[in-house]
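1. Fold the following for me, if possible:
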Amino acid sequence: MMAEKVAFELVSPERLLVSQPVDMVVVPGGDGDFGVLPGHAPLISTVRIGVIEIYEGTSVSDRIFVAGGFAEVTAERCTVLAEQAVRVAEIDPDRVEEQLRSAREDVTEATTEGARHAAERRVRLAEAKLEAVRRSTVH
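-> Residues are numbered from 1 along each chain as shown. Below you'll find the predicted structure:
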């Protein structure tokens, strides 16, 4: 029986969110979700908007919403540098709904290409956060 763990670190520009040994972590990679167990082959991947799932044993112990970034994996560790990260349990759906309404208005009122793209990204982020909350209440 293997008692090995993976050292997992999740860092956002604001703070170090997680730094702990875990049994497995599932990351929303740019080419699809990937799970990291002890002994994983080294890899560097982009991280898309989505949810990182941290496993203790065979069950998810924590779910963290990330707004993209990069992941570096070695046999012993997984480090995710996220543009933005928040625990799914800490997301306030009402506040996100308000952000979504505001971002959608900004899309329709945008007068430049850059402003429209920025507003469209905020719409995608808000929609993904709401989806993450919805999926966590289904389990």
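
2. Show me the shaky parts of the protein.
-> Low-confidence segments of the chain (pLDDT under 70): 1-3, 138-139.

3. most residues in a single helix of it, which one?
-> helix 113-138 (DSSP state H).

4. got the buried residues for it?
-> In terms of neighbour count (16 or more other Cβ atoms under 10 Å), helix 113-138 has its buried residues at 119, 122-123, 125-126, 128-130, 132-133, 136. Backbone N, C-alpha and C define where each C-beta goes, glycine included.

5. give the contact list for the residue nearest the centre of the chain.
-> Geometric centre of the chain, nearest residue: V66, 2.3 Å, by Cα atoms, centre = their mean. By Cβ atoms under 8 Å, 6 or more residues apart in numbering, the contact set of V66 is 10, 28, 47, 49-52, 80, 82-85.

6. quick one: which helix or strand includes it?
-> Under the criterion of DSSP states H and E, V66 resides in strand 59-73.

7. give me the beta-bridge partners of the residue nearest to the centre of the chain?
-> G50, A85 (DSSP bridges).

8. Let me know the next secondary structure element after the strand holding V66.
-> strand 77-82.

9. now the angle from that next one to strand 59-73?
-> Calculated by axes from the mean of the first three to the mean of the last three Cα atoms, to 10 degrees, strand 77-82 forms an angle of 80 degrees with strand 59-73.
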